[in-house]
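> fold the stuff below for me.
(one chain, ligands or ions: 2)
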Amino acid sequence: MSSTNTPAAHTSKATSSHPSRDKPDPTLESNASQGGFAATRPSAAAELASLKIKLQSSLRQFPDFPEPGILFEDILPIFANPELHEGLLRALELAVEKSGWGKPDVVVGLDARGFLFGPSLALRLGASFVPVRKRGKLPGPCETAEFQKEYGSDFFQMQADAVKQGQKVLVVDDIIATGGSAAAAGSLVTKLGGTVAGYVFILELDFLKGRDKLDAPVYTLLTGQEEKLEQ
Ligand SMILES: O=P(O)(O)OC[C@H]1O[C@H](OP(=O)(O)OP(=O)(O)O)[C@H](O)[C@@H]1O
Ligand SMILES: Nc1ncnc2[nH]cnc12
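Ligands and ions are numbered 1, 2, ... in the order given. Take a look at the predicted model:
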């Protein structure tokens, strides 16, 4: 069955896929002000900036999905295009390498869209990949955390032996909105004995201030909606 939602018309409002043309890339500023994102070599910085422009322009937005009042950010066009897919992984690899957080032992990806790039990024970084899954999907002893997100609430689980005591963990997901999902994942990693070195997202919905819920440095590649969808 086809969905009735159609991509948002291009308007003058600055959004993730249509940032204001007269405004400098806010991602660089916000990440720099969070600390921990060390200065990059000019060539790496230029490569990252160019990749961000390509990735940003590929995003689509769907108003009132999955419920009224939500402007849904669709990252799937990145994965439909091999050049953009490769560009995403390269951009995240560059960002992590230059973050100053050090090499992670484990990349933890969130169910489900964190699974689209978490394993590939883990391979590039020479780290293990471990999933955080919605409740009831993982066998064996698990730790569980309840969370609220931009639309609704849910439960996350990790297998109890998935992260070893003292391992350095990078938590990755496609989008940080309210930060509820990422904060729950971080709390599970800590319960298992790991240390969250940082959180990495493709896109951040700034107006929801989700990063304030997180207790480790945050890097986001692209910046999303500056305000809530008008009703
Ligand atoms: O910052 P928050 O408000 O917690 O929202 C962000 C989360 O919401 C989306 O996942 P969703 O739960 O819709 O699941 P999906 O990945 O299975 O589509 C998204 O992929 C993030 O995981
Ligand atoms: N606005 C949004 N678009 C896509 N995924 C989301 N997850 C939480 N909020 C979202």
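> what segments of the protein are helices?
For the chain, the helices defined by DSSP state H cover 26-34, 42-58, 76-80, 82-97, 118-125, 180-191.
> and these, which one is worst for confidence?
Lowest mean pLDDT within the helices of the chain: helix 26-34, at a mean of 43.
> for Ser120, give its distance to Arg90.
Using Cβ to Cβ, to the nearest Å, Ser120 is found at 11 Å from Arg90. Every residue, glycine included, has its C-beta placed from N, CA and C.
> so between these two, which is more surrounded?
The residue with more neighbours, out of Ser120 and Arg90 and counting by other Cβ atoms under 10 Å, is Ser120; that gives 18 against 14.
> my understanding was that Phe129 contacts Gly109; is that so?
Yes. The pair Phe129 / Gly109 is scored as a contact, 6.5 Å apart, by Cβ atoms under 8 Å.
> overlap in contacts of these two?
Residues touching both Phe129 and Gly109 (Cβ atoms under 8 Å, 6 or more residues apart in numbering) are Gly118, Pro119.
> who has more neighbours, the two?
Shown here are Phe129 and Gly109; by other Cβ under 10 Å, Gly109 has more neighbours (26 against 18).
> kindly check the end-to-end length of stretch 97-106 for me.
15 Å (Cα to Cα, to the nearest Å).
> can you give me the buried ones in it?
Applying a neighbour-count criterion of 16 or more other Cβ atoms under 10 Å, one finds Lys98, Ser99, Trp101, Pro104, Asp105, Val106 buried in stretch 97-106.
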